[in-house]
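[1] Sequence and predicted structure below; questions after.
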Amino acid sequence: MDTQNSTSEPEAKSGPTLFSRIRDFFIDVFDVFSFIGRFFKEAFAPPYELRELIKQTWEVGVRSLLLITVTGFIVGLIFTKQSRPSLVQFGATSWIPSLVSIAIMRALAPLVTALISAGRVGSSIGAEIGSMRVTEQIDAMEVSGTHPFKYLVCVRTLATTISLPILAIYNGLVAMLGGYLNVAVNEGTSFSTYIQQFFQPLSFIDFEASIIKSIVFGFTIGIVGSYKGWNSSSGTAGVGKAANSAVVTAMFLVFIEEVIIVQMTGWFR
Amino acid sequence: MEDHKSAIDYNDKVISIKGLKKSFGDYHVLRGIDLDLYKKENLVVLGRSGTGKSVLIKIISGLLKADEGTVDVLGTDVTSITPRDLMELRRRIGFSFQNSALYDSMTVRKNLEFPLVRNQKNLRRKEIDEMVERVLEAVGLKQTINQMPSELSGGQRKRIGIARTLILRPEIMLYDEPTAGLDPITSMEINNLINRVQERFNTSSIIITHDLTCAKATGDRVAMLLDGQFQRQGTFDEVFASDDERVKQFYDYNFIN
């Protein structure tokens, strides 16, 4: 029984009309907001899935840790290496730690962490929930008197929302070390001086904005992955599609959110 | 089967369906169904693929919504039930899925514990272990307790799926194609298990199938779903004594081909 295919006969023959496309778009938008609304309604109401939340938060963190470490270190190293020649011309190599800190802590660390997590964790959430949907495991949870939405969607979305800020801070610190490697080799700067210069230009609002940004990114990655998985259909092909779509949509939204949050934090600076 | 028939309580309806209709787009799957299930009865719903058999039990368990009609399950109409009451009601209904729907990421033990620990919060570890062992013993698969679902055969997965529903001691069992994709010997084992479950746990069951051997082995009563309505109801022999070409064709294809 294909319950998903409700396309009427004339529409199927002539392809979707402009009206049906607009209608489907608004239905999709309504679905997304209903899904987000359901998350807020169920996530903070008992019974709480604390044990599963700790397990998922740990898994999200551990699953991304190696990639976050490697990319963070390389970003710090490359950023320092690339910006150095321009600063040498002005005799301003002492500004490198400040430059790295502003670029990394304000923008790169949250963004790079979010993009890696969207690929690594978002796709995994989409595929996992999607495969549970098409193999009726979610229905099985539902008929056994449990809350699959809370157990799967709320827990995973909360896990990414909690993990992302921690991973972003970690990414920033590793990038700082990557930057130090280059500075130490070329300038011979001591670690304590580098650290002092690294943190000097940063204000509380920089950390605050980065953490808020990471929370928003984490929520986006979790909710998009869950939404795509929860609504997947058409067997195993649908699972692959859900995983792929979770990554693409989450990355797209992360960039849009980055622009909006940067604009908003500019008002408070 | 005859002994079992005498145990059926024909004064106690556990499910009573009246005028049930369900459509998907322009496709009318169920066109006004009336059906009763009595206490301790095994009712087999027969029909070709796509005739709405699975839709029927998904409506009974509240997974799908009916378009019209009433579906009274254990004294509650699921068409107008609140989410909280539906959750309560579902604990009294067991649903065995066509593909077993075991949780891939959990061992057999965790699969069986999952509904238990979420529905009965005050259980001690020892009680949980005892209940898990009891249902595993009922389906004859105690040795699989620490295995992953991917390590089990098709028949074993079906039996673990049934064990998972039994752990909450349901009053009604809904079986969706219990013998689909199984060899004849394993199918017969599943049929025997369905009868054993009925006897041991005093359940009333609806068994959805297009396998006539399963229907004959498990059904106290058989209902034939054709064109969105029950065309024939009665014992297996009564249903297939029909002159209706569609019923005859169904019988011939099952036993001749």
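    Received the coordinates, thanks.
[2] what helices or strands is the helix or strand containing A:Q196 leaning on?
    Using DSSP states H and E, A:Q196 sits in helix A:191-199. Secondary-structure packing of helix A:191-199 (3 or more C-beta pairs under 8 Å, 6 or more residues apart in numbering or on different chains; DSSP states H and E): helix A:96-101, helix A:155-187. In short, each C-beta sits where N, CA and C put it, glycine included.
[3] out of the ones you listed, nearest to chain B?
    helix A:155-187 (12.9 Å; C-beta to the nearest C-beta).
[4] which parts of the stretch 151-257 of chain B sit against chain A?
    With C-beta under 8 Å from any C-beta of the partner chain as the criterion, the stretch 151-257 of chain B meets chain A at residues B:R164, B:T165, B:L168.
[5] at 7 Å what do you get?
    B:L168 (C-beta under 7 Å from any C-beta of the partner chain).
[6] ok now do whichever residue of the stretch 151-257 of chain B sits closest to chain A, which residues does it touch?
    At 6.9 Å from chain A, B:L168 is the closest residue in the stretch 151-257 of chain B, using C-beta to the nearest C-beta. Applying C-beta atoms under 7 Å, 6 or more residues apart in numbering or on different chains, we find B:L168 in contact with A:S144, B:R91, B:P115, B:L116, B:N119.
[7] Most widely separated two among the residues you listed?
    Using C-beta to C-beta, the pair of the contacts of B:L168 lying farthest apart is B:R91 and B:L116, separated by 10.6 Å.
[8] Number of residues surrounding A:A168?
    Applying other C-beta atoms under 10 Å in any protein chain shown, we find 28 residues neighbouring A:A168.
[9] pretty sure it contacts A:L108?
    No. Contact between A:A168 and A:L108 fails when scored by C-beta atoms under 7 Å: they sit 9.7 Å apart.
[10] Next, show the common contact partners of these two.
    By C-beta under 7 Å, 6+ apart, no residue touches both A:A168 and A:L108.
[11] Quick one: neighbours of A:S192, just the number.
    Neighbour count for A:S192, taken as other C-beta under 10 Å: 8.
[12] can you tell me how far it sits from A:P97?
    Distance, A:S192 to A:P97, using C-beta to C-beta, to the nearest Å: 11 Å.
[13] swap in A:D28?
    47 Å.
[14] helix, strand or coil for B:G181?
    Counting by DSSP: H, G, I helix; E, B strand; the rest coil, the backbone at B:G181 sits in coil.
[15] mind listing what it touches?
    So B:G181 contacts B:G154 (C-beta under 7 Å, 6+ apart).
[16] Likewise for A:I36?
    A:I223.
[17] How about A:E257, nearest residue that isn't a chain neighbour?
    Of all residues beyond its chain neighbours, the one nearest A:E257 is A:V216 (5.4 Å), with distances taken as C-beta to C-beta, 6 or more residues apart in numbering or on different chains.
[18] Next, count neighbours for that neighbour.
    21.
[19] Would you agree it falls within a strand?
    No. Using three-state DSSP, the assignment for A:V216 is helix, not a strand.
[20] My read is that it contacts A:V254, right?
    No. A:V216 is beyond contact range of A:V254, at 8.7 Å (criterion: C-beta under 7 Å).
[21] and residue 52, what are its phi and psi?
    Assuming you mean chain A. Dihedral pair for A:E52: phi -70, psi -30, per degrees, to the nearest 10.
[22] You answered for a different chain; I wanted chain B.
    Residue torsions, per degrees, to the nearest 10, at B:G52 are phi 100, psi 20.
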